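[1] Return atomic coordinates for the entry below.
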Amino acid sequence: MIYRIIFSQEEVNGFKRVFEVNDDATFLDLNKALLDSVKYSDDQITSFFLCDDQWERETEIMRLDMGVNNADCITMKEAVVGDLIENGQRLVYVFDTINNRYFIGKVSDIKAGKNKEKVTCVESKNDAPVQILESKKQKNKMHEAYHEDDLGEDFYGSDDYDDDDLDMENFQDLSFEDGTMF
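    Residues are numbered from 1 along each chain as shown. Presented below is the predicted three-dimensional model:
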């Protein structure tokens, strides 16, 4: 069987990717084809979610086993397309986990046969959005936090620090056992 899956994305007007996927392909095969079609690097945590008719995420299909003991979570390598989806199935493909950005997909048709390739992109419209959003504000904060001048030349290992300056008398009565500190 060949599943026809159409993916779109709300950030880019008219973005569309259409795939023909053999029933014996894994979600890892689909993941690779999807990343290739949008020219994203394969160094991010990605997940597929099987959704109900209202787009509520149900079963998660993760790229890597994160050690989560959850019956509704399986890895892409072991998840076979023909075992998990049916005509009309809705999918969410999360490509930017930190910012919860994703493609939405829907199985539009199932037909008999097999393609030579397990997954083939048969239609591609418009460029995909950037893979990872990183605002200027975030970049500036990170740059400032690690910039040597912002920490001061003698922030660590200052010769001005003296253990005798620490007033230990006021710390002796602190107790964490009774829970009054937090």
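
[2] okay, CA-based contacts and neighbour counts for the rest of this
    Fine.

[3] what does the single longest strand found in the chain rub up against?
    Ranked by residue count and defined by DSSP state E, the top strand of the chain is strand 101-111. If you take CA atoms under 8 Å, 6 or more residues apart in numbering as the criterion, strand 101-111 is touched by 1-10, 85-96.

[4] swap the cut-off to 6 Å and go again
    Residues from elsewhere that reach strand 101-111, judged by CA atoms under 6 Å, 6 or more residues apart in numbering: 1-9, 87-95.

[5] Please work out the average pLDDT along the helix or strand just after it.
    Next helix or strand after strand 101-111 toward the C-terminus (DSSP states H and E): strand 119-125. For strand 119-125, the mean per-residue pLDDT is 95.

[6] next one: stretch 65-72
    62.

[7] strand partners of the longest strand of the chain, parallel vs antiparallel please.
    Using DSSP bridges, the strands paired with strand 101-111 are strand 2-8 (antiparallel), strand 90-96 (antiparallel).

[8] Dump the C-alpha coordinates for that strand into PDB.
    Extracted in PDB, the C-alpha atoms of strand 101-111 (Å, rounded to 0.1, in the frame of the first residue of the first chain):
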ATOM      1  CA  ARG A 101       6.800  24.700  15.900                       C
ATOM      2  CA  TYR A 102       5.400  22.000  13.700                       C
ATOM      3  CA  PHE A 103       4.000  20.800  10.400                       C
ATOM      4  CA  ILE A 104       0.500  19.400  10.200                       C
ATOM      5  CA  GLY A 105      -0.100  16.400   8.100                       C
ATOM      6  CA  LYS A 106      -3.000  14.400   6.900                       C
ATOM      7  CA  VAL A 107      -3.200  11.100   5.000                       C
ATOM      8  CA  SER A 108      -5.300  12.000   2.000                       C
ATOM      9  CA  ASP A 109      -5.300   8.700   0.100                       C
ATOM     10  CA  ILE A 110      -4.200   5.100   0.300                       C
ATOM     11  CA  LYS A 111      -3.700   3.100  -2.900                       C
END
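
[9] Perfect, that will be all.
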